[in-house]
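[1] please work out how this folds:
(chains A and B)
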Amino acid sequence: MKMKIEKRLVIPRYSSILVPILSVVVALVLMGIILMVFFYGRLGSLSLAFRETFDAYKEMLTWPFANKYGIFSTLMRMVPLAFVGLGLSFAYRMKIWNIGGEGQLYMGALAATWGALFLFKDVSSPLAMILLISITGAVAGGLWALIPALMKAFAKTDEIVVTLMLNYVAIFWVDYLVYGPWKDPKGYGFPGTAPFPDEAKLPTLFKGEFHVGFFVAIAFAVVLYYIYKKTRWGMNSKIVGDNAQAARYSGISIVRYTIIALVVSGAIAGLGGAIQMMGVQHRLQHGFSPGYGYTAIIVAWLAKLNPIAILLVSFLFGGLLVGNDQLQMFYKLPMALISVFQGLVLFSLLGGEAISRYRVRIVKEEAAHIE
Amino acid sequence: MRNITKAFPGVIANENISLDLKKGEVHALLGENGAGKTTLMNILFGIYKADQGEIFMEGKQIAVSSPHNALKYRIGMVQQHFTVVPSFTVAENVVLGLKEMGFFVKTKAVESSIEKLGKSFDLPVNPRARVWTLSVGEKQRIEILKLLYTGAKVIILDEPTAVLTPQETEILFKAMRKLVSEGSSVIFISHKLDEVLEISDRVTVLRGGKVVGTEVRDSVDRRSLVRMMVGRDVLLDFDKPKTEPGKTVLQVENLTVKNDKNLEAVRNLSLSIKSGEILGIAGVAGNGQRELAEAIYGLRKPVQGKVVLNDSILRHTDVAQRIKGGVAFIPQDRRAVATCPSLSITENVFMKNAYSMYLPQSPLNLNTRAMQRATKELISDYSISTPSTKTQARFLSGGNLQKLVLARELSTKPCLIIAEHPTRGLDIGAMEFVYKTLLAHKERGAAVLLLAGELYEIFRLSDRVAVIYEGEIMGYTPPDPSFTEEIGFMMAGSKRGEVS
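    I've put the predicted structure just below:
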């Protein structure tokens, strides 16, 4: 008997659900090993470390998903992830790799702040204010993505590099403003702007634990789902993603589709930034995002670019962010652990996808010689 | 090489091919694209493994398992796409991957020996130059020097002149002569007759994966080579529907188009096709047919000239305008250009629907059910064999995929059909289907531009035959097999009426 690894002709359908789930499980197990090593170093006993790890995991998984307060935190963390994830899916469908979700989120937040504090400060109707700020945020995110879009469409620049680099530009731009001209004079020296006026805050539910941006995210997911499934844009973008040459042959303008894909992608992320400002932060701050834009890349991938699945996965990842906060607080674990965990998920996912393209077959000895 | 057979899924690239190479000769391997020349040489060089057959060298059977292994047998090959590292110097490229390289490159010694080697074989290069600064011809010289440096005695050149200027070609030929005079042997792959006649000692002609014959240079001329390349097995028993040509549908005026290598592939070409007429363009592959088709369809921007469809001038590179105007295009490469492999049959059928409006739909609310239904009808009309309308296009066989393309392109009743090698790689049954379909649309009143390599196909379908050579039309003939010889001359570059 001999094992033989061969390429599958058809990747089974169940693998598209199984692989993401398994990769999260594998990542959790690997993460557990890391935590055990961590605790062993601190406690010096394997059995104590094991118990501590178990407790930490329990805390990390029950608080965000099974506790009333924890769930609200999870939902609020989910919203920016969902917005950026949905935005990214719009470009990824065409195999346009927008890595600039973080920067687009920052630019949306920056523009929202500009609108709330300066541009629309005389608007008194909360509804008008919120709408104006949302549009400003979306436009800013879209314009930020227009830079790599134009470069890709007309100069064939690689969008991965440009979008990634622009993240730093956006983050530093925000830092410049919150440390400099926009710094709140009454802010005790903290790097942040003055708070938003009350008209520019999103309506909340459950004693302020929860803002309506959540419903906007769900609405966007449903609309995108419809666009992907039932519209000409959805179908044509699938063609561009599968075979750009065939798209050209079908009369689709690659230049136009590239630009629109990136701009819409950035606009949705920018809107996410504006909503984060109006719903949670209420002021622009240094480092307000713990890497939502990067985590959203993993979210979009795990969800296979399906908008509804993006909601579910961003809920899961929102919970992991909250759980990580708990670990930080109660177990004094470093913040970077969440990045380690996300990295592990992505590794397992990519590995799992590669593996699912192959299958192992047991062949009889004599057959193996013939090849 | 004896009785070499190699099959790829769907095609037999080499069938029972035997070839012998003598010491000190230039042996040309002549044939159209797809005739199996490169496959055969890739087997000799160890890139592919033959399904059957043996290779002997100086009387001993050898098993070439990889290119590295081939170099041990002193067999070397220069591929069509060069394998040089642009940021390295010439010397570094030559020793790359060789034992002499060691941990630190002994640059000085290598450089001087390359210079010597270059001088002795009339292959002038500067060993210290960075490769990216060099011309295509110089890069090719590096590839050859690389082989000579390893002591290769059998040198395979795969279409080496395709990328060269005439001057560079001269330098190459001089070096080739020098090589064989020093006892090496060269296999020269080409489909250019003049070059083959100029440089080779013997010629082997391949057609459709088989050897047509091996001849000594002096016993052949252009005429006999053409005959061997394109074949004469033209069947005469077919009937063509008689149609009266109507008004002019397509008019191409003074079109000049460049190819991907930025060389002029179509030169100041004009033609016109009437409704109900099939114009067949005959020619050896690579003489501008593809570029002509792509420019007419709007995929490639012409340098100059006009494309006129039903009296209105078309904008260059506006495919959507052509689809709306009723232009169908059956490209040669159906997998890479005409279909999306991972999308379903339905999606492939409706790929162009936004402009062709085969099934008028609101762009904001596609009716997927109507699309499925229409696809099912087309599947039965065109007898495409597939498990369902949701099957990915990649799982269709070549013939079925072509039927799918035909279904999409022709179901809209186009006024102009551009068909580029519409039957390449298909079996007899599918071929007949394609012929019948094209003829039916001609009867309906469509104008057809047929670009094909097989003369049989041209005669079988066309009302007029134009012969293209290096992007120019050499002349027109009636679609009658008695003109085969004359067409052959024109395919080799003589204008009609010129005597040779």
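[2] which bits of the stretch 101-250 of chain A sit near chain B?
    Neighbours of chain B within the stretch 101-250 of chain A, by Cβ under 8 Å from any Cβ of the partner chain: A:230-236, A:238-239, A:242-243, A:245-246, A:248-250. No exception for glycine: its C-beta is placed from N, CA and C like everyone else's.
[3] quick one, which of these are buried?
    Those of these that meet the buried threshold are A:230-236, A:238-239, A:242-243, A:246, A:248-250, by 16 or more other Cβ atoms under 10 Å in any protein chain shown.
[4] quick check, nearest of those to B:Gly488?
    A:Tyr249 (33.0 Å; Cβ to Cβ).
[5] how about the residue lying closest to the closest one once chain neighbours are set aside, phi and psi?
    Among residues not flanking A:Tyr249 along the chain, B:Val337 sits closest, at 5.4 Å (Cβ to Cβ, 6 or more residues apart in numbering or on different chains). Phi and psi for B:Val337, reported as degrees, to the nearest 10, are phi -110, psi -40.
[6] residues contacting B:Val337?
    B:Val337 sits next to A:Gln245, A:Ala246, A:Tyr249, B:Pro331 when contact means Cβ atoms under 8 Å, 6 or more residues apart in numbering or on different chains.
[7] and which of those is nearest to A:Phe210?
    Distance to A:Phe210 across these (Cβ to Cβ) is lowest for A:Ala246, with 45.8 Å.
[8] what's the helix or strand for that closest one?
    In the assignment (DSSP states H and E), A:Ala246 maps to helix A:244-249.
[9] and that helix, what other elements does it pack with?
    For helix A:244-249, the contact count by 3 or more Cβ pairs under 8 Å, 6 or more residues apart in numbering or on different chains; DSSP states H and E identifies helix A:232-242, helix A:254-276 as packing neighbours.
[10] can you name the residues in contact with the shortest one?
    Counting contacts by Cβ under 8 Å, 6+ apart, the residues outside helix A:232-242 that touch it are A:93-95, A:227-228, A:246-247, A:250, A:252, A:254, A:257, A:261, B:340-343, B:347, B:350-351, B:354, B:361, B:363-364, B:366.
[11] now, those residues that are in helices?
    A:Ile227, A:Tyr228, A:Ala246, A:Ala247, A:Ile254, A:Tyr257, A:Ala261, B:Glu347, B:Ala354 (DSSP state H).
[12] what's the neighbour count on the second one?
    Counted with other Cβ atoms under 10 Å in any protein chain shown, the burial measure for A:Tyr228 works out to 19 neighbours.
[13] pretty sure it contacts A:Leu86?
    No - using Cβ atoms under 8 Å, A:Tyr228 is not in contact with A:Leu86; the gap is 10.7 Å.
[14] what residues are shared contacts of these two?
    A:Pro307.
[15] tell me who's in contact with the residue in the stretch 51-200 of chain A that chain B sits nearest to.
    In the stretch 51-200 of chain A, the residue that lies nearest chain B is A:Lys95 (11.4 Å; Cβ to the nearest Cβ). For A:Lys95, the contact set (Cβ under 8 Å, 6+ apart) comprises A:Val240, A:Gly241.
[16] let me see the contact set for the closest residue to chain B within the stretch 251-371 of chain A.
    Here the stretch 251-371 of chain A gets closest to chain B at one residue, A:Gly251, 3.6 Å apart by Cβ to the nearest Cβ. Contacts for A:Gly251 (Cβ under 8 Å, 6+ apart) come out as B:Val319, B:Ala320, B:Arg322, B:Ile323, B:Lys352, B:Ala354, B:Tyr355.
[17] and the first one, how far is that from chain A?
    Here the criterion is Cβ to the nearest Cβ, to the nearest Å. By it, B:Val319 lies 4 Å from chain A.
[18] residues contacting stretch B:371-389, please?
    Outside stretch B:371-389, the residues that touch it by Cβ under 8 Å, 6+ apart are B:344-346, B:349-350, B:358-359, B:395-396, B:400, B:403-404, B:406-408, B:411, B:433, B:437.
[19] repeat for stretch B:49-63
    Among residues not part of stretch B:49-63, those counted as contacts by Cβ under 8 Å, 6+ apart are B:1-7, B:14, B:16-17, B:43-44, B:64-65, B:73.
[20] which of those sit farthest apart?
    Spanning the widest gap among these are B:Ala7 and B:Tyr73, at 24.6 Å by Cβ to Cβ.
[21] so for the two, which residue has more residues nearby?
    B:Tyr73 (20 against 15).
[22] so which of the contacts of A:Gly251 are in strands?
    Per DSSP state E, strands hold no members of the contacts of A:Gly251.
[23] contacts only, for the residue in the stretch 401-500 of chain B positioned nearest to chain A.
    For the stretch 401-500 of chain B, the residue closest to chain A is B:Arg408, as judged by Cβ to the nearest Cβ, at 9.5 Å. Residues near B:Arg408 by Cβ under 8 Å, 6+ apart: B:Asn348, B:Val349, B:Phe350, B:Met351, B:Lys352, B:Tyr358, B:Leu378.
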